[in-house]
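>>> Provided below are the primary sequence and the corresponding predicted coordinates.
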Amino acid sequence: MDLLHNMRTFVCVAECGSFTAAAQRMDLTTAYVSRTVAKLEARLHTRLLHRTTRRVALTEAGERYLQRCQQILGCIEEAEAEAGEAHARPAGTLKVHAMTGIGQHYLIKAIAQYGDKYPEVSFDLTLANRSTDILDEGYDISVVLAAELPDSGFVSKSLGQTFSVLCASPAYVDKHGAPHTPAQLNEHRCLRLVNAAMSLDRWRFAGPQGEEMVSIGKTPFQVNNADAMTESVRAGMGIGALPIYSAASGLRDGSLVRVLPDYSLHHLNVFALYASRQYLDAKIRTWVEFLRDTLPAMLAADARCIAEHSGPLPR
């Protein structure tokens, strides 16, 4: 920073033609300005200015150095203006990580809507059902599902809540019947969704009697993607716990039926994580604000769909 200050002082002296005029422009003393240029010459081991009692003139080396200083200081001013504008105006590439289901069913729609409002922002979206280190992997924001977050030092914003419901195909229910209590699931083919946010072996239900835990035994099928799980349930392979965003369309068109309609499970919070509150880039700030404004309504719409298509099954 001292070198840049010294360069700016030298440029000012060269442009003003005297130490006194430069000192007045920079609101400094003439002696301070003279010492500053002397320090710069000592650093360079080169005389930059010819001095007389009334004026100064550039040496040949000083003329070359002045051109370089003007170029360097101009680049710095451009960089500062660009960085300052990044704080004020959303622009550039936003690198986002999200868990797959949330990303496919909600974020892509949100990105399209956000893009209409902020067309100068482009997205680099990675979908993966794992937690990520934002700094190490270079993400601006991570959108994750979790019951609660560990203390990571990152800033977190709540974007809403979601949950799962048990579903089967009409053909499965016709052939095998449906359980009427969580304990009766041990008599059925239960399919496992492999997800870092959910337990493989135990389903924790919220129902009329409060919380109930059921252990799931041997399973004929497991998969790590909620939409693939939905297709396996739709194909009649068994009963699966489906996130509401994966179950909604099947319940709506009748290719799925809800099993144990008085129960839900895997209640999870949706969080946006990013690195810092201070000097937050405008594209990060506006994207988080946009998600907080839009995502809860999307989640609520799917929850309403689940409720509307969760009538009791025949006994």
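Received the coordinates, thanks.
>>> Could you give the number of residues near residue 233?
Using other CB atoms under 10 Å, residue 233 has 29 neighbouring residues. C-betas here are computed from N, CA, C, even on glycine.
>>> Excluding sequence neighbours, find me the nearest residue to it.
Distances taken as CB to CB, 6 or more residues apart in numbering put residue 240 closest to residue 233, at 4.3 Å, once the chain neighbours are dropped.
>>> before we move on, what about residue 251?
Nearest residue to residue 251, sequence neighbours excluded (CB to CB, 6+ apart): residue 309, at 3.9 Å.
>>> hang on, the earlier thing: confirm the residue nearest to residue 233 sits in a strand?
Yes: judged by DSSP: H, G, I helix; E, B strand; the rest coil, residue 240 forms part of a strand.
>>> show me what contacts it?
166, 167, 168, 190, 191, 192, 193, 229, 230, 232, 233 (CB atoms under 8 Å, 6 or more residues apart in numbering).
>>> measure it to residue 92 for me?
The span separating residue 240 from residue 92 equals 41 Å under the rule CB to CB, to the nearest Å.
>>> a helix runs through residue 290, doesn't it?
Yes: assessed with three-state DSSP, residue 290 lies in a helix.
>>> Give me the pLDDT for the nearest residue to it once chain neighbours are set aside.
Nearest non-adjacent residue to residue 290, counting by CB to CB, 6+ apart: residue 114, 5.0 Å away. For residue 114, the pLDDT comes out at 96.
>>> and what of residue 285?
pLDDT for residue 285: 89.
>>> Assign a three-state SS to it, would you?
Following three-state DSSP, we place residue 285 in the helix state.
>>> and it, how many residues sit next to it?
Counted with other CB under 10 Å, the neighbours of residue 285 add up to 14.
>>> Packing partners of the strand or helix carrying residue 305?
For residue 305, the host element (DSSP states H and E) is helix 282-308. Applying 3 or more CB pairs under 8 Å, 6 or more residues apart in numbering; DSSP states H and E, one finds that helix 282-308 makes contact with helix 60-88, strand 92-98, helix 108-117, strand 141-146, strand 155-168, helix 244-253, strand 264-274.
>>> In the shortest one, which residues are buried?
Spelled out, it's strand 141-146. 141, 142, 143, 144, 145, 146 (16 or more other CB atoms under 10 Å).
>>> Same check on the first one?
Of the residues in helix 60-88, those scored as buried under the neighbour-count criterion (16+ other CB under 10 Å) are 62, 65, 66, 69, 86.
>>> which two in those are spaced the farthest apart?
By the measure CB to CB, 62 and 86 form the most distant pair in the buried residues of helix 60-88, at 35.7 Å.
>>> what separates residue 70 from residue 272, distance-wise?
Residue 70 sits 43 Å away from residue 272, taking CB to CB as the criterion.
>>> swap in residue 127?
Per CB to CB, residue 127 is found 15 Å from residue 272.
>>> The two: which has the busier surroundings?
Taking neighbours as other CB under 10 Å, residue 127 and residue 272 compare with residue 272 leading, 23 against 17.
>>> Next, count neighbours for the nearest residue to the more buried one once chain neighbours are set aside.
Leaving aside its sequence neighbours, residue 272 sits nearest to residue 157 (CB to CB, 6+ apart; 4.6 Å). With neighbours defined by other CB under 10 Å, the count for residue 157 comes to 15.
>>> Touching, residue 157 and residue 288? I think so.
Yes: if you go by CB atoms under 8 Å, residue 157 and residue 288 touch, sitting 5.6 Å apart.
>>> hey, what's in contact with both of these two?
Residues touching both residue 157 and residue 288 (CB under 8 Å, 6+ apart): residue 272.
>>> Contacts only, for the residue nearest the centre of the chain.
When CA atoms, centre = their mean is applied to the chain, the residue found nearest the centroid is residue 141 (1.9 Å). With contact set as CB under 8 Å, 6+ apart, residue 141 has these partners: 94, 95, 96, 97, 134, 272, 273, 274, 284, 287, 288.
>>> Sweet, I'm off.
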